[in-house]
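*Asks:* what's the 3D shape of this:
(chains A and B)
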Amino acid sequence: AQKITQTQPGMFVQEKEAVTLDCTYDTSDQSYGLFWYKQPSSGEMIFLIYQGSYDEQNATEGRYSLNFQKARKSANLVISASQLGDSAMYFCATSIYNQGGKLIFGQGTELSVKP
Amino acid sequence: DSGVTQTPKHLITATGQRVTLRCSPRSGDLSVYWYQQSLDQGLQFLIQYYNGEERAKGNILERFSAQQFPDLHSELNLSSLELGDSALYFCASSVEQGRYNEQFFGPGTRLTVL
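*Replies:* Numbering: from 1, shown residues only, chains lettered A, B, ... in the order given. Below you'll find the model as predicted:
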């Protein structure tokens, strides 16, 4: 069964600096996707970025980039130029393509951006 | 706004009761997923429906059931409620199942069992 591990329960970053949130995954499947979601204190889940297991280039979406290292089974999220509004819980998730698309989430990392 | 709607937003009920959570997916999305978020279990997949048919089951208790109707809205029924069922229940939808699917999440229903 697949598993997502996020080892940083909480992190602090200074405004305007970059921050990396760690995510490692465990799956024996060859075809899978990796996702990052943001959950602000209001509770909604906001999709940030996606990486497919066969994608050779790292995904980027604005200030978000995913550092995909397949051999290490890691999919770290990099947020550049942090903003106060980035303070939230961040969840890494994986989806196995032949299992209908359900998401398996990690425990999350709470990011706090300091002014 | 993701386009996924969930009602009610908050629900407070007592142990032993039964409740129904409702979800309307984004227009055109055929796949609906239910997730439970609790402090001790984190975010867990419960069940998936695709165009009216159950397609995948996760850690869903036997006291819980779900269905997807012809108009594609979905309902999650929770019965014989226990204190431990208190959680935030999310519905998510996507265009299809499998492969890359950006799942759009609704705002959630916060269930409190007293």
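
*Asks:* can you tell me the SS state at the residue positioned nearest the centre of chain B?
*Replies:* Note on chain B: the residue nearest the mean C-alpha position is B:Trp34, at 3.2 Å, using C-alpha atoms, centre = their mean. The three-state label given to B:Trp34 by DSSP: H, G, I helix; E, B strand; the rest coil is strand.

*Asks:* list the contacts for B:Leu46?
*Replies:* Neighbouring residues of B:Leu46 by C-beta atoms under 8 Å, 6 or more residues apart in numbering or on different chains: B:Tyr33, B:Trp34, B:Tyr35, B:Gln36, B:Lys57, B:Gly58, B:Asn59, B:Ile60, B:Phe64, B:Ala66, B:Leu76. Quick note: C-beta positions are derived from backbone N, CA and C, even for glycine.

*Asks:* make a markdown table from those residues and add distance to B:Thr5 and pLDDT to it.
*Replies:* Below are the contacts of B:Leu46 laid out as a markdown table (distance: C-beta to C-beta, whole Å; pLDDT from 0 to 100):
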| residue | distance to B:Thr5 | pLDDT |
| --- | --- | --- |
| B:Tyr33 | 15 | 95 |
| B:Trp34 | 14 | 97 |
| B:Tyr35 | 16 | 97 |
| B:Gln36 | 18 | 97 |
| B:Lys57 | 24 | 92 |
| B:Gly58 | 22 | 92 |
| B:Asn59 | 25 | 85 |
| B:Ile60 | 22 | 93 |
| B:Phe64 | 21 | 97 |
| B:Ala66 | 16 | 97 |
| B:Leu76 | 14 | 98 |
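
*Asks:* so which of those residues also contact chain A?
*Replies:* Restricting the contacts of B:Leu46 to those touching chain A (C-beta under 8 Å from any C-beta of the partner chain) yields B:Tyr33, B:Tyr35, B:Gly58.

*Asks:* make CSV out of these and add neighbour count.
*Replies:* Below are the ones next to chain A among the contacts of B:Leu46 laid out as CSV (neighbours: other C-beta atoms under 10 Å in any protein chain shown):
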residue, neighbour count
B:Tyr33, 29
B:Tyr35, 25
B:Gly58, 16
